[in-house]
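Student: need a 3D model of the sequence below.
(3 chains)
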Amino acid sequence: MAENRFVGFKCKKCGAVAYPKRFLCPSCKGKDFEEYPLGNEGKIVTFTKLWTVPEGIEQLPLTLAIVEFDGKVRVTGQVLSEEIKIGDRVRPVWGHIRKIRGKDIEGFRFERLA
Amino acid sequence: MTKFGRHDDKTLLSLMTESSIKALEDAGASDRNIDAVYAASMLAGELNHQVAVGSALVDQLALIPAAAERVENGPASGGSAVKNAYCAIACGLYDTVLVTGGEKMRHVPGEVITDYIATMTNIEAEYVHGVTLPSLAGMLARLYMEKYGVTEEDLARVAVKNHLNGSKNPYAHIQQPVTLEGIYGSPEAEVNNPIISDPIRMYHCCPVTDGAASVLLAATEKAKEFTDTPIRIAGVGQATDRMAVQDRKDPAVLEALRVSAAQAFKMSKRTPRDMSFAELHDAFTILEIVESEDAGFFEKGTGHKALRDGVTALDGKFPINPSGGLKARGHPVGATGVAQIVEMTWQLRGEADKRQVENAQRAFSCNLGGFANNIVAFVLERS
Amino acid sequence: MAFEVTQCGDRSMSEDIESILGVDWDIPKKPYPPKTILLPTGERMVVREAAREEVPKLLQAITPLLTVSRDFYDIVAARQYAELLGWYRRRVRNEFCLIGIVDGKLAGIVNSRAYDQKTHVSYHTTALKRGARVGAHLFAAKHEHSMETLGAEEILVTAESPIGFRRWIVEWGLQVRTGVQHELGGAKSWVITRDIYQKVKPRLVMGSRPVPDDVLKKAATFENAPLDWVSQQ
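Tutor: Here you go, the predicted model:
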């Protein structure tokens, strides 16, 4: 997960967009993809505030959400903003997500747009 | 089945052996050779330092040279083992198959269990971000509250109902009823029922449990050799969905349940309306509500209304989880799918005593592996 | 293990030596106002202060836990046993004990002591009735007594078991007080300050007062918890 461009993977055969990267297109089993920028604005589909957080995560509670981009792809991730509701617009922010067994993990998190 | 609960003095294998022996005795088959033994367990290797549980069990039961294997499908290991046993008999390879599901997990710290269970989510898309199963339940509940007006009180109501049923089930892990006021509405509810993953609270989650359950399956023409009241597996279904909840067509729909339930009903030539009761997979109370709809018993978005009206209570028109469900009976992960079959068998035989569903003729069960991305469904009926 | 304590103090010792060795309260003492708490089971738990004379019965209740190593029950029981016995034999200063009674049976025991007017030291929390949040409620009650009845400014807390740590220290959002060893074996001390207490109070400190007379009267005595309460779950 060293890529810090927020991109999905569009199937060259059928146009379906997948995220994260994978071998076969889930719609048509195609093998060829091109990068598809997911943009800077997504909508919160649903969220939760988790109080029993896994090891290596410092935020308590941890806010997690499923965010929809461009009507095409949904992405799961941590939310940096405290007050959110379904339908809120958020943008992806690259950074430190957590540690796993002492190793730092980076990825995209979400921040509410005004 | 063994009593579900805490069994510090037993091993996984001893629980599964004990349960198997009981099932064989119930079938009058203690002295017989069985063709195959399928052992279901999700975490035997990780928690009990024992792999190849099927081989271990067939040896303990003195059933060699019977075929044996372990079946693993997450928390649907039990359901899958029953399904595989059904298939093996239906294709004519075996006449009799013993299925035992078991799990011993209470000796492990809660966070470790939660982590192992979280590894059945999509690792790259979900797990790495800190997703655990309670958080997926929280997100589903939040969505359902927004879309269909389900309330926190509804989540608590399922728990109250299932605890009441559990109090009538001598095998249940938790036999202590809870009151709605005790877990919702009173000021004390804030301490009594703390938030796990908003809006999911402690009493909306099933416990971690030790236990094992067993069933003996036999070809229809052989069944009468074992019992005068064989219960027939009339329908079987299984379906998968996209693993990550984000990738589901509609995150509020358990598509895998719609497909697998439809398969089971079609095969049994029955409809949801023909069922006398259902054993659903209420690992979180929100799941009972959603499953009651997507399995076909209530219109989408109305499951909570049926719950409020008492339709799904033990004495209601359509009881759900007369055993107490995962919530009160407990959830030894690999055992649950088999325990559902055991409960349905007892109910359909009229042997469920204080929790007997009146005039039970046919029943439906669904066993979830993962967060509803892999579901095994059954329709059972009296022969 | 049979143990009999038939009287407070030891008459065989001279009154002079007892006055040297014995300790009692040396800060203003006020009684804890009893309350009832609704448990998830729908039962009501009476929370009241225990009297010194009740200690022998409390010791009986704790004794079976002395050999249960699961969840660190054994060390919690052993230490609480010593603390309560110490209070009974007048060898612990400023100690108090609150008990929870459900349906006439002893559901839980909590104790603390005041180091001085300002600083209290939280001792132990034993839930005999498990799976009903008894421990959470009694833990909060003893801090309520320290802060509100006795006027403490801070309470030092520690934990022996991971469950204790998660439930008390994490749930209350406590920070470590560096440089202070807790009386319990010199372990780390976390602190409940007045601020923290006021902040968590609406969320964690529960109960109804006053307790109806007939309920309080019934709770004046108790039976020890059935042994299978503890083995549940």
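
Student: mind listing the strands for the stretch 201-350 of chain B?
Tutor: In the stretch 201-350 of chain B, the strands defined using DSSP state E, counting those that start in this stretch lie at B:211-218, B:231-240, B:277-279.

Student: would you mind putting the ones you listed into a markdown table with mean pLDDT alongside?
Tutor: Below are these laid out as a markdown table (pLDDT from 0 to 100):
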| stretch | mean pLDDT |
| --- | --- |
| strand B:211-218 | 98 |
| strand B:231-240 | 98 |
| strand B:277-279 | 98 |
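
Student: just the strands in chain A please.
Tutor: A:7-11, A:17-18, A:33-37, A:42-50, A:62-69, A:73-78, A:89-100, A:103-112 (DSSP state E).

Student: got the contact list for the shortest one?
Tutor: Contacts of strand A:17-18 from elsewhere in the structure, counted by C-beta atoms under 8 Å, 6 or more residues apart in numbering or on different chains, are A:Gly8, A:Phe9, A:Lys10, A:Cys11, A:Cys25, A:Pro26, A:Phe33, A:Tyr36, A:Asp70, A:Lys72, A:Val73. Where you see a C-beta, it was placed from the backbone N, CA and C, and this is true even at glycine.

Student: ok, and of those, which contact chain B?
Tutor: A:Pro26 (C-beta under 8 Å from any C-beta of the partner chain).

Student: neighbour count and pLDDT added to the contacts of strand A:17-18, as TSV?
Tutor: Listed next are the contacts of strand A:17-18 as TSV, based on neighbours: other C-beta atoms under 10 Å in any protein chain shown; pLDDT from 0 to 100:
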residue	neighbour count	pLDDT
A:Gly8	22	94
A:Phe9	19	95
A:Lys10	20	95
A:Cys11	21	96
A:Cys25	21	97
A:Pro26	13	96
A:Phe33	20	96
A:Tyr36	20	94
A:Asp70	14	85
A:Lys72	16	82
A:Val73	22	95
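
Student: does stretch C:66-84 reach chain B?
Tutor: Yes - using C-beta under 8 Å from any C-beta, we find that stretch C:66-84 touches chain B at C:Arg70.

Student: the strands of chain A: which one's closest to C:Val55?
Tutor: strand A:42-50 (42.9 Å; C-beta to C-beta).

Student: check whether that closest one comes near chain C.
Tutor: No - using C-beta under 8 Å from any C-beta, strand A:42-50 stays clear of chain C, coming no nearer than 13.7 Å.

Student: so B:Pro199 is in contact with B:Asp154, correct?
Tutor: No - look at B:Pro199 against B:Asp154 with C-beta atoms under 8 Å: they stay out of range, at 10.3 Å.

Student: okay, the two: which has more neighbours?
Tutor: A direct count of neighbours by other C-beta atoms under 10 Å in any protein chain shown for B:Pro199 and B:Asp154 places B:Asp154 higher, at 24 against 20.

Student: not counting sequence-adjacent ones, nearest residue to that one?
Tutor: Nearest residue to B:Asp154 in three dimensions, chain neighbours excluded: B:His304, at 4.3 Å (C-beta to C-beta, 6 or more residues apart in numbering or on different chains).

Student: show me what contacts that neighbour?
Tutor: B:Tyr148, B:Gly149, B:Val150, B:Thr151, B:Asp154, B:Ile289.

Student: how far does stretch B:303-317 sit from its chain's centre?
Tutor: Centroid displacement of stretch B:303-317 relative to its chain, using C-alpha atoms, centre = their mean, to the nearest Å, is 20 Å.

Student: quick one, phi/psi of the residue of chain A found nearest chain C?
Tutor: As assessed by C-beta to the nearest C-beta, chain C sits closest to A:Leu60 within chain A, at 8.2 Å. Backbone torsions for A:Leu60, taken as degrees, to the nearest 10, come to phi -140, psi 110.

Student: my guess is it meets A:Lys49, correct?
Tutor: No - look at A:Leu60 against A:Lys49 with C-beta under 8 Å: they stay out of range, at 9.6 Å.

Student: which of those two has more neighbours?
Tutor: Per other C-beta under 10 Å, whichever of A:Leu60 and A:Lys49 has more neighbours is A:Lys49, with 21 against 12.

Student: how much space separates that one from B:Arg270?
Tutor: 42 Å (C-beta to C-beta, to the nearest Å).

Student: residues in chain C within reach of chain B, list them.
Tutor: Counting by C-beta under 8 Å from any C-beta, chain C sits next to chain B at C:37-42, C:70, C:131-133, C:136-137, C:140, C:162, C:171, C:203-204, C:206-207, C:231-233.

Student: now do 6 Å
Tutor: Neighbours of chain B within chain C, by C-beta under 6 Å from any C-beta of the partner chain: C:Ile37, C:Leu38, C:Leu39, C:Pro40, C:Thr41, C:Gly42, C:Arg133, C:Ala136, C:Arg203, C:Leu204, C:Met206, C:Gln233.

Student: ok, now chain A?
Tutor: Residues of chain A lying close to chain B by C-beta under 6 Å from any C-beta are A:20, A:46, A:48-52, A:54, A:57, A:62, A:64, A:66, A:74, A:76-78, A:86.

Student: quick check on B:Pro75: phi, psi?
Tutor: According to degrees, to the nearest 10, B:Pro75 has phi -70, psi 0.

Student: how far away is it from B:Met105?
Tutor: 11 Å.
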